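1. Just a sequence and a predicted model for now, questions to come.
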Amino acid sequence: MGRKYKVISADGHVETPPDVFVKYVPERWKDRAPRLIHLPEGGEGWLIEGQPLLRNGQNIAGRDKVKFSGGTYFNADGSPAEGAGPAEQRLREQDLDGIDAEVLFPPVFASRFLEGIKDPDVYRSMIRAYNTFLAHDYCSVAPDRLIGNAVTPITGIDHAVEELEFVAEAGLPSVAFYNFPNGSPYADPVDDRFWEKSLELGLKLAPHFGFGAGQAPPQSAAKGTSDSPWATALVQRAGNHSPVYCMAQLIAAGVLERFPEIKFYFAETNASWLPGTLYFMDDNYDLFGDWFKVKYERKPSEQVLDHFHFSVIRDPVVFDMVDIIPWDNIMWGTDFPHSVGSFPDSQEFIEENFTKVDETISRKVLLENPARYFDLDLEADITETPAA
């Protein structure tokens, strides 16, 4: 009998120097691609058009103490540091950490910070280059253990849908996005093309913290509750942070009612805030729904629990709330190689915290929930780790 899944991390990151994906940028735009420079004080920085120097630090912590500058992708002998190497190295790092698979989100600098490139064709070529690398060079080594999360551009609905089609054809299972598919921080009816296409292609939606405006815009006497009045009212007292306002926008825009099968996974949000937020969203619905002439078949909390999943990393508080956490919606992740994770001591974290909940909950969070969301076969033998 071969190796089976036992523990799945639903939040890791691909963190590599840019050259591994820049090679896929068309020649005419290569001189505008990100590049890495070695800094005299140690570590590296990224030079990306439209951005100040971006210093490696929290993005490549691995097992070291956290740095906000001076981080490096390389060991002293020039070999890749932990978390910065090829796919084969990543599989060995999974073994070291006692996990069997990871959902892999994009590098922090090779996703949001590319948005500084204002020429849409050049910007999109960088996104396409990264997705090509992820599909062909990285996840293809063990797609059952390296669960790649591609990036879609923020340059409008046509480009976002086009990238969905490329990602599906390339064989990646999941996509991240940082604005609404229309390219703005706010929901728009044209986004339905993206939601519909994602369902048609079977792509999972995994936008990390959230997408669009991170917080509800401030209220004003002249404008009521600003850009999305009902969404803003819905998050009063409910926590004005990602992904709460994102969920409120999706509820207010009717996305969850028009697409009853749609699901979203928000990573690294933690979950100890969830019970209070769900109560306050329902209470706001009762208090303010009449003014906004809103009537739902399902309460906001029911919509959240039907359509959204979340992951915990460093949130031991959640295990003290066993009776009020919606465990069917919770996954767990290491965040490796970023700075708030548990590598290489994830088993220690699991043993210390998951003993507070029963085995049924542990299995859901560590195995069944991520497997169900990302269509992983728990009965199948998984790819063995190649020798060093």
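-> It's in.

2. Would you list the phi and psi of residue 359?
-> phi -60, psi -30 (degrees, to the nearest 10).

3. same thing with residue 46?
-> phi -100, psi 140.

4. which ones are touching the closest residue to it other than its chain neighbours?
-> Spatially, and ignoring its direct neighbours in sequence, residue 46 is nearest to residue 54 (4.2 Å; CB to CB, 6 or more residues apart in numbering). In this view, the C-beta of every residue, glycine as well, is placed from N, C-alpha and C. Residue 54 makes contact with 45, 46, 47, 48, 109, 113, according to CB atoms under 8 Å, 6 or more residues apart in numbering.

5. List just the nearest of those residues to residue 365.
-> residue 109 (29.9 Å; CB to CB).

6. which SS class is the closest one?
-> coil (DSSP: H, G, I helix; E, B strand; the rest coil).

7. Please, where are all the strands along the stretch 101-250 of the chain?
-> Using DSSP state E, counting those that start in this stretch, the strands found in the stretch 101-250 of the chain span residues 101-105, 146-151, 174-176, 204-205.

8. For those, give me a markdown table that also has mean pLDDT, mean neighbour count and distance to residue 241.
-> Below are the strands of the stretch 101-250 of the chain laid out as a markdown table (pLDDT from 0 to 100; neighbours: other CB atoms under 10 Å; distance: least, CB to CB, whole Å):
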| stretch | mean pLDDT | mean neighbour count | distance to residue 241 |
| --- | --- | --- | --- |
| strand 101-105 | 98 | 27 | 19 |
| strand 146-151 | 97 | 26 | 22 |
| strand 174-176 | 97 | 22 | 19 |
| strand 204-205 | 98 | 20 | 20 |
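
9. how about those strands, which one is nearest residue 85?
-> Of the strands of the stretch 101-250 of the chain, the one closest to residue 85 (CB to CB) turns out to be strand 146-151, at 12.5 Å.

10. rewinding a little: report the separation between the residue nearest to residue 46 and residue 35.
-> Look at residue 54 and residue 35: by CB to CB, to the nearest Å, they are 11 Å apart.

11. Find residues that contact each of those two.
-> 46, 47.

12. Hmm, residue 181 and residue 205 touching each other?
-> No - counting by CB atoms under 8 Å, residue 205 sits too far from residue 181 to count as a contact (10.3 Å).

13. can you tell me how far the residue nearest to residue 46 sits from residue 37?
-> 10 Å.

14. list residues touching both of the two?
-> 45, 46, 47.

15. and the first one, that one's in a helix?
-> What it means is residue 45. No - going by three-state DSSP, the assignment for residue 45 is strand, not a helix.

16. any idea of the pLDDT on it?
-> On the pLDDT scale, residue 45 is placed at 95.

17. Next, count neighbours for it.
-> Neighbourhood size, residue 45 [other CB atoms under 10 Å]: 20.

18. Ok, the last one next?
-> If you count neighbours by other CB under 10 Å, residue 47 ends up with 14.
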